[in-house]
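S.K.: Next one to model:
(one chain, ligands or ions: 1)
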Amino acid sequence: MRPGLLALPPLLASHLTPGVVVLVLLALAAGYVLLALARPTRRCPRCNGQRVMVTRWRARYRPCRRCSATGRAPRRLAPVIHRTYWLVKHERNHR
Ligand SMILES: [Zn+2]
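M.R.: Residues are numbered from 1 along each chain as shown. As a prediction, the model looks like this:
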């Protein structure tokens, strides 16, 4: 048994003040925004990026409807983030 593993949970709990939690959440949000800006799409969860789906009742392939057979699906908040980003950029260029 390693002593470090036993000492870790109380150490973490003592550092979990509301301020730290807010900071961590803000950092996660910022990371998500950066990720959405850099990579607005992810692999389609329905067809797993295969672009086709196997139909259940017959062993046949069908183009994936969820991603329109592109294999990529937008991240949940990526359209909103991109709209805001380009809006801000546009506004700045006009001043
Ligand atoms: Zn798909």
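S.K.: Can you list the buried residues in stretch 19-39?
M.R.: Ala36 (16 or more other C-beta atoms under 10 Å). All C-beta atoms are positioned from the backbone trio N, CA, C, and that covers glycine.
S.K.: Centre of the chain to it, how far?
M.R.: Counting by C-alpha atoms, centre = their mean, to the nearest Å, stretch 19-39 is centred 10 Å from the centre of its parent chain.
S.K.: got it, and stretch 78-87?
M.R.: Offset of stretch 78-87 from its chain centre (C-alpha atoms, centre = their mean): 15 Å.
S.K.: Mind listing what's buried along that stretch?
M.R.: Buried residues in stretch 78-87, counted by 16+ other C-beta under 10 Å: Ala78, Ile81.
S.K.: Repeat that for stretch 64-77.
M.R.: Neighbour-count burial for stretch 64-77 flags Cys64, Cys67, Gly71, Ala73, Arg75 (criterion: 16+ other C-beta under 10 Å).
S.K.: neighbouring contacts of the helix or strand Leu28 falls within?
M.R.: Remark: Leu28 resides in helix 18-38, with elements defined by DSSP states H and E. For helix 18-38, contacts defined as C-beta atoms under 8 Å, 6 or more residues apart in numbering pick out Arg75, Leu77, Ala78, Ile81, His82, Tyr85.
S.K.: Just the CA trace of it, in CSV.
M.R.: Output of helix 18-38 as CSV, limited to C-alpha atoms (Å, rounded to 0.1, in the frame of the first residue of the first chain):
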residue,chain,number,x,y,z
PRO,A,18,-15.8,27.4,-3.9
GLY,A,19,-13.3,29.8,-5.5
VAL,A,20,-11.2,26.9,-6.7
VAL,A,21,-14.3,25.1,-8.1
VAL,A,22,-15.3,28.2,-10.0
LEU,A,23,-11.8,28.6,-11.4
VAL,A,24,-11.7,25.0,-12.5
LEU,A,25,-15.1,25.4,-14.2
LEU,A,26,-14.0,28.5,-15.9
ALA,A,27,-10.8,26.8,-17.1
LEU,A,28,-12.9,23.9,-18.4
ALA,A,29,-15.3,26.3,-20.2
ALA,A,30,-12.3,28.2,-21.7
GLY,A,31,-10.8,24.9,-22.8
TYR,A,32,-14.1,23.8,-24.4
VAL,A,33,-14.4,27.1,-26.3
LEU,A,34,-10.9,26.8,-27.6
LEU,A,35,-11.5,23.2,-28.6
ALA,A,36,-14.7,24.2,-30.4
LEU,A,37,-13.0,27.0,-32.2
ALA,A,38,-10.1,24.7,-33.3
